[in-house]
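Asks: Take a look and give me a structure for this.
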Amino acid sequence: MKKIGRILLKIVEEVPAIVVAVFLALIVNDCNENRKEDQLALSSLKALEAELLQNQESLRRNIAANLLEVKEMRADLDSLSTVGLENMSSVRVGISQTILQKSAWDMAILSGSTRQFDASVLTQLAEIYGLQELYDEMSVNYFKELGSVQFYKPDQEKERLQAGLQVHQLTNDISNQLMELYEQVTPQIKAETKK
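Replies: Numbers count the residues shown, from 1 in each chain. Modelled structure (predicted):
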């Protein structure tokens with residue numbers, strides 16, 4: 001009986017120490033996981049900042065190139081109206097498109113680090129990348145149209161030019177919205193990475 005009593009006493013003495021040790025281990029593990037998540041969110045924000053700056057520069061160059069194309073298309077449209085197609089050497093249609101990166105955004109979503117982002121930054125990032133998809137889709141659809149036989153029916157030059165100018169206008173509007181959003185969110189991301 002004394003032996004069982006000593007064993008029970010020993011268990012009663014050791015159980016609280018074991019419970020405290022397990023509890024401390026869980027706390028340390030939780031802290032380590034939180035630290036890892038914070039580091040992942042920070043590296044995601046830095047990658048997003050770099051990606052947005054690169055996209056901003058690419059878009060800036062693309063806007064300038066498209067403005068020149070719009071000038072040429074308007075000149076062609078004016079020439080078409082005044083001299084007719086037979087007196088023109090060519091009619092230009094098309095649009096320059098830049099590739100806007102989104103790999104950092106995809107990685108931030110896949111890794112779950114977006115849970116750590118400030119809500120306003122996350123909202124703006126979602127808007128930016130949604131607009132980027134719309135920007136890409138505008139040109140993809142236009143290029144599909146350019147590749148169709150219908151687009152090149154005879155005596156449709158004026159309509160082709162007008163369609164091209166409309167796509168340029170829509171793309172320019174999206175590009176300008178993106179530039180504004182880039183300029184708003186980039187400083188916020190930079191501030192988040194310095195915290």
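Asks: Quick one: classify the residue nearest to the spatial centre of the chain as helix, strand or coil.
Replies: Taking CA atoms, centre = their mean, the centroid of the chain lies closest to Y129, which sits 3.2 Å from it. Taking DSSP: H, G, I helix; E, B strand; the rest coil as the rule, one finds Y129 in the helix state.
Asks: In space, what's closest to it - neighbours in sequence excluded?
Replies: W105 (5.0 Å; CB to CB, 6 or more residues apart in numbering). Every C-beta, even on glycine, is put in place using the N, C-alpha and C of the backbone.
Asks: helix/strand/coil for that neighbour?
Replies: helix.
Asks: so how many other residues sit close to it?
Replies: 20 (other CB atoms under 10 Å).
Asks: any idea how far it lies from E51?
Replies: 7 Å (CB to CB, to the nearest Å).
Asks: What separation is there between the residue nearest to the centre of the chain and I27?
Replies: Taken as CB to CB, the span from Y129 to I27 is 37 Å.
Asks: and what of K46?
Replies: 29 Å.
Asks: tell me the pLDDT at R35?
Replies: At R35, the predicted lDDT confidence score is 87.
Asks: again with the one 4 residues further on
Replies: Q39 carries a pLDDT value of 91.
Asks: Ok, the one 3 residues further on next?
Replies: The predicted local distance difference test score for L42 is 91.
Asks: Okay, and it sits in which element?
Replies: Following DSSP states H and E, one finds L42 within helix 2-83.
Asks: tell me what that helix is packed against?
Replies: In this structure, helix 2-83 makes packing contacts with helix 103-111, helix 119-146, helix 157-194, judged by 3 or more CB pairs under 8 Å, 6 or more residues apart in numbering; DSSP states H and E.
Asks: Which of those helices sits closest to L59?
Replies: L59 lies closest to helix 157-194 among these, at 5.5 Å (CB to CB).
Asks: Show me what that closest one is packed against.
Replies: Using 3+ CB pairs under 8 Å, 6+ apart, helix 157-194 sits against helix 2-83, helix 119-146.
Asks: Looking at those, which one is packed in the most?
Replies: Sort the helices and strands packed on helix 157-194 by mean neighbour count, taking mean count of other CB atoms under 10 Å, and helix 119-146 sits at the top with a mean of 16.
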